[in-house]
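[1] Need a 3D model of the sequence below.
(one chain, ligands or ions: 1)
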Amino acid sequence: MENVKKQFDEVSKKYDSQRQYLIPCYQDFYTACYPLVRKLSGAKRLLDIGAGTGLFSYFIYQINPNLHYTLVDLSPEMLRVAKERFNGLDNFQYEELDFSASNLPGKYDIIISALAIHHLEDKEKEQLYYAVYEALNPGGVFINADQVLGRTLGFDHYYRTNWRETVLVSGLEEDAIQKAFERVKLDKFATLESQLQILEDAGFTDVDCIYKNLNFVVFGGSKGLLSY
Ligand SMILES: C[S@@+](CC[C@H](N)C(=O)[O-])C[C@H]1O[C@@H](n2cnc3c(N)ncnc32)[C@H](O)[C@@H]1O
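    Purely as a prediction, here's the structure:
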């Protein structure tokens, strides 16, 4: 995890400005969960796993500013940017921790994560999903916006090649592109199906993928029947 921490510490100040170049479906990817979150009217506490600069929390904050937000990340520099973003708001707290090695702190009604869990080995992903289930209050929901391994080698190759080609012509400066290409070497994608299965095994009741664009997906599950 030291390498992950180092690379995200380094990119922290430029991270937000590069996101729209590096995630071709940026707006849809971060807002696909809005209808689901809007339905969780009784929710009070949200945990963002691998929150980084707080980008995903910021999207949720746009539609639910009254939640209590807990942002966890192992990179102090990424969290520093998050603290600047939410400066002055007393419903935000921050925890510097490695979620592959530490327990998740507290109990929550909504647990979110974006582009973070793919840094874990498959076994660690599984352990984390079980821990997420335990950390949810009854009726709570887990939402993971992430990149996944293609279902077949052919599609995986297509997704990765397509992403590189898209980023190369995105207008992002060359140095930033090369650093992003370095960072993705740390990624450990797993298939969507295997992760949906783990969520079911962990006890989640309603489990599904609510958004997919190439290998960018948003999926998750509810602890108890989804009341919609
Ligand atoms: C690509 S960034 C995503 C940040 C944010 N969620 C977003 O959507 O912009 C991945 C983040 O996950 C964090 N991360 C990766 N592995 C981690 C771990 N084991 N424990 C805590 N944070 C981790 C990194 O430090 C980084 O800030």
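[2] out of all of them, which strand in the protein is the longest?
    Using DSSP state E, we find that the single longest strand of the chain is strand 136-147.
[3] Just give me how far that one sits from the chain centre.
    Strand 136-147 has its C-alpha centroid displaced from the chain centroid by 10 Å (C-alpha atoms, centre = their mean, to the nearest Å).
[4] Listing partners with orientation, what would you give for that strand?
    Its sheet considered, strand 136-147 pairs with strand 108-114 (parallel), strand 216-222 (antiparallel) by DSSP bridges.
[5] wait, does that strand contact the ligand?
    No: Strand 136-147 does not reach the ligand (C-beta under 6 Å from any ligand atom); its nearest approach is 7.0 Å. Using the backbone N, CA and C atoms, a C-beta is placed for each residue, glycine as well.
[6] just the helices in this protein please.
    Using DSSP state H, the helices of the chain run over 2-22, 26-31, 34-39, 55-63, 76-85, 122-135, 153-168, 174-183, 192-202.
[7] With mean pLDDT as extra columns, can I get these in a markdown table?
    Putting those into a markdown table (pLDDT from 0 to 100) gives the following:
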| stretch | mean pLDDT |
| --- | --- |
| helix 2-22 | 87 |
| helix 26-31 | 98 |
| helix 34-39 | 96 |
| helix 55-63 | 98 |
| helix 76-85 | 97 |
| helix 122-135 | 97 |
| helix 153-168 | 97 |
| helix 174-183 | 94 |
| helix 192-202 | 98 |
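[8] Using CSV, list the CA coordinates for the longest strand of the chain.
    Output of strand 136-147 as CSV, limited to C-alpha atoms (Å, rounded to 0.1, in the frame of the first residue of the first chain):
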residue,chain,number,x,y,z
LEU,A,136,-24.0,-0.7,7.8
ASN,A,137,-27.1,-0.1,9.9
PRO,A,138,-30.2,-2.2,9.0
GLY,A,139,-31.7,-0.7,5.9
GLY,A,140,-28.4,0.8,4.9
VAL,A,141,-26.9,0.8,1.4
PHE,A,142,-23.4,0.3,0.0
ILE,A,143,-22.6,1.9,-3.3
ASN,A,144,-19.3,1.2,-5.1
ALA,A,145,-18.4,3.2,-8.2
ASP,A,146,-15.3,1.4,-9.6
GLN,A,147,-13.6,-0.1,-12.6
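[9] Adjust the sequence numbering to begin at 9 for everything that follows.
    Noted, 9 is the first residue going forward, which turns the last one into strand 144-155.
[10] just to revisit the earlier point, closest to I151 out of the helices of the chain?
    Among the helices of the chain, the nearest to I151 by C-beta to C-beta is helix 42-47 (7.0 Å).
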